[in-house]
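> Sequence isn't available, so here's the structure alone:
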Ligand code: 13P
């Protein structure tokens, strides 16, 4: 276990003004995204799409790391450079999603548990050799009538903690992602109380498993209203609730926090991050680890054609720059218009 390497990795992941590009969609999720722009989800199209993303000029100014899927970690650019090597050469850390996705939780209708611990230690050793320096495991918590249950919160936290221990033994920094979904009609207040339970349980389990908190990055959801609730909490309220629950539950020992976008609009994901950073005085750097809120515009511009590559890269560059500003608390809505014209 190389703690110095993990210290360096974690520090680089949350370097000032930088965040992560989540590009770790499984083939199934990729198909859903590609279907929306009528692109066939072949292995070559997935490769070409990821090459478009990763070769965006100037990406490393805003992006410290990219989360890859197993298939992507093994793929190469057109000229034969492995993606992990290409990213590393360009100053971007390669990371890897290692969970095997969610399954319905037995005896708990409407709830999910994440699988993938079997043989994970052996896979982790291989991922390190392939160049991955951080990993991600996503748990999903659904808010509804009578859920989440304590059993679901605990089972997912336990798996996240066991995964983290395995990562650290392989000198890989674990990202722990307990995503509280925004699906449903719940209030932001209820979301805040669910976040409190989920995060308290997670850090209890991490400590119990002996995980070094100095070498863990939390990937958190934001405390927003359920998407079917007619009252949508405004930006300032989301920022206040999210910061409050994080301050109450996340140890200051953590090197940094990143957020998922979770289905928020691109601009909300940016505005919420910006508002939290403007509030200042959080004990950790707060930055982004977005998939949809970085990629959606680029995918729409690309639509499977290499002729659209420059436009798609420009779209990704723009969102990455906006979120970099937000990570510094320096984003303004006007910046959106300026950059599109630029
Ligand atoms: P979104 O930003 O689209 O929520 O994706 C982030 C992610 O990594 C989900 O696991």
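Here it is on my side, so go on. Keep in mind it's a predicted model, so treat the numbers as computed, not measured.

> tell me the pLDDT at the residue nearest the centre of the chain?
Most central in the chain under CA atoms, centre = their mean is residue 289, positioned 3.8 Å from the mean C-alpha point. Reported pLDDT at residue 289 in the predicted model: 98.

> Now the terminal residues of stretch 229-243, how far apart.
From its first residue to its last, stretch 229-243 covers 21 Å (CA to CA, to the nearest Å).

> and it, how far out from the chain's middle?
Distance, stretch centre to chain centre, for stretch 229-243: 20 Å (CA atoms, centre = their mean, to the nearest Å).

> which stretches of the stretch 151-300 of the chain form strands?
For the stretch 151-300 of the chain, strands defined by DSSP state E, counting those that start in this stretch occupy the ranges 173-180, 217-220, 256-259, 286-290.

> what comes into contact with the last one?
Contacts to strand 286-290, defined as CB atoms under 8 Å, 6 or more residues apart in numbering, come from residues 14, 18-22, 67, 175, 219, 256-261, 269, 273, 276-277, 294, 319, 323, 326-327. Quick note: C-beta positions are derived from backbone N, CA and C, even for glycine.

> Identify the intersection of those residues with the contact set of the ligand.
22, 260, 261 (CB under 6 Å from any ligand atom).

> For the second one, what are phi and psi?
Spelled out, it's residue 260. Per-residue torsions, residue 260: phi -90, psi 160 (degrees, to the nearest 10).

> That one: what's it in contact with?
Contacts of residue 260 (CB under 8 Å, 6+ apart): 22, 177, 179, 219, 220, 221, 289, 290, 291.

> The nearest residue to the last one once chain neighbours are set aside: how many residues sit nearby?
Spelled out, that is residue 291. Excluding the flanking residues, the one nearest residue 291 by CB to CB, 6 or more residues apart in numbering is residue 22, at 3.8 Å. If you count neighbours by other CB atoms under 10 Å, residue 22 ends up with 28.

> Checking residue 22 next. Helix, strand or coil?
strand (DSSP: H, G, I helix; E, B strand; the rest coil).

> for the ligand, what are the nearby residues on this protein?
Proximity of the chain to the ligand, by CB under 6 Å from any ligand atom, involves residues 22, 138, 177, 260, 261, 262, 290, 291, 292, 293.

> farthest pair in those?
The largest separation in the residues of the chain next to the ligand, counting by CB to CB, is between 138 and 293 at 15.8 Å.

> Can you pick out the residue with more neighbours from the two?
Neighbour count, other CB under 10 Å: between residue 138 and residue 293, residue 293 has more, with 26 against 23.

> No further questions, thank you.
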